[in-house]
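Undergrad: Model the following, please.
(chains A and B)
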Amino acid sequence: MRIATWNINSVRLRAPLLDELDALASPDVVCLQETKVVDELFPHKVLEARYPYRHARGMKGYNGVAILSKIPFTKTGGRDWCGRQDARHATVTFKGGVELHNFYVPAGGDVPDPAANDKFAHKLDFLAELTDWLAAEAKPRARRILVGDLNIAPLEADVWSHKQLVNAVSHTPVEVEALGRMQAAHDWVDAVRHFAPDEQLFSWWSYRSKDWRASNRGRRLDHVWVTPALKGKLKGFEILTDARDWPKASDHVPVLIEIHV
DNA sequence: ATGGTTGCCGTGCAA
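TA: Numbers count the residues shown, from 1 in each chain, chains lettered A, B, ... in the order given. Have a look, this model is predicted:
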């Protein structure tokens, strides 16, 4: 099974790019974030030929997640977090029992101080609530995959400059520690770092750059995690860096893993 | 230290 996660930054605007993604990497499952559309207006028609199975949870203008699949799933769902109905979680279960969770973690604004910045406080609250939930759900033999835009680049090799970003939201110690607790809550394996533990890897480059490739000030914000029961089934990963140059590109690029399930 | 761009909508806000 080939699974892609991609912050598409408006699924209506960029639905045609899903054809590019299919031609280049032929994922069986695509998990999207920032779809920015209510479920009634989700572009099912243009996607149904390629992805017959779809599960979307969206809202108007902001956030929104979706799972597109060539492989049938039996169960669909998604929770609300921090008492908000803001469409940051979608989940499906495939025949055979593998559970897939797609998250869009709050970005957290600009100021990394929860007392001064409500959006940063929300991000930390979201991670803490998610951590508690994962710990409660954890089972030793569970076959689960967690993907999404987690909006945190935890390792030094996940950012273009650890020194210059250590106080920037997405790479601060308080966020990295929170993500570490979340990962420990279900003993998650970082599927990309499983194959490339030290290599500098990015999945996002800001729009606010004249030449993203030349400056290469990227961050790895998009992640794929699997439970220990699936660790031995991982076959490889791919980051579609060239997608950052597609016409009308998203600021994130697709991250893929291949897993034998 | 500042400002740089994009998408949602039709204004600022979130990223």
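Undergrad: CA atoms for contacts and neighbours, from now on please.
TA: Will do.
Undergrad: For chain A, list the residues in contact with DNA strand B, please.
TA: For chain A, the residues in contact with DNA strand B (C-alpha under 7 Å from any atom of the strand) are A:9-13, A:36-37, A:60-62, A:106-109, A:119, A:207-210, A:248-250.
Undergrad: Helices - which of the residues you listed land there?
TA: When DSSP state H is applied, the residues of chain A next to DNA strand B are split such that A:11-13, A:119 fall in helices.
Undergrad: I'd like to know which of these are buried.
TA: A:11-12, A:119 (16 or more other C-alpha atoms under 10 Å).
Undergrad: What segments of the stretch 101-250 of chain A are strands?
TA: Ranges of strands within the stretch 101-250 of chain A are A:144-149, A:189-190, A:204-205, A:218-219, A:222-226, A:234-239, based on DSSP state E, counting those that start in this stretch.
Undergrad: Including mean neighbour count and mean pLDDT, could those go into a markdown table?
TA: What follows is the strands of the stretch 101-250 of chain A, written out as a markdown table (neighbours: other C-alpha atoms under 10 Å; pLDDT from 0 to 100):
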| stretch | mean neighbour count | mean pLDDT |
| --- | --- | --- |
| strand A:144-149 | 23 | 98 |
| strand A:189-190 | 20 | 98 |
| strand A:204-205 | 24 | 98 |
| strand A:218-219 | 25 | 98 |
| strand A:222-226 | 25 | 98 |
| strand A:234-239 | 17 | 98 |
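Undergrad: Can you say which of those strands is nearest to A:Gly180?
TA: Closest to A:Gly180 of the strands of the stretch 101-250 of chain A is strand A:189-190 (C-alpha to C-alpha; 11.0 Å).
Undergrad: What are the neighbouring residues in contact with A:His162?
TA: A:156, A:171 (C-alpha atoms under 8 Å, 6 or more residues apart in numbering).
Undergrad: Next one: it from DNA strand B, what distance?
TA: According to C-alpha to the nearest atom of the strand, to the nearest Å, A:His162 stands 16 Å off from DNA strand B.
Undergrad: Model confidence for that residue, exactly?
TA: The model reports A:His162 with a pLDDT of 97.
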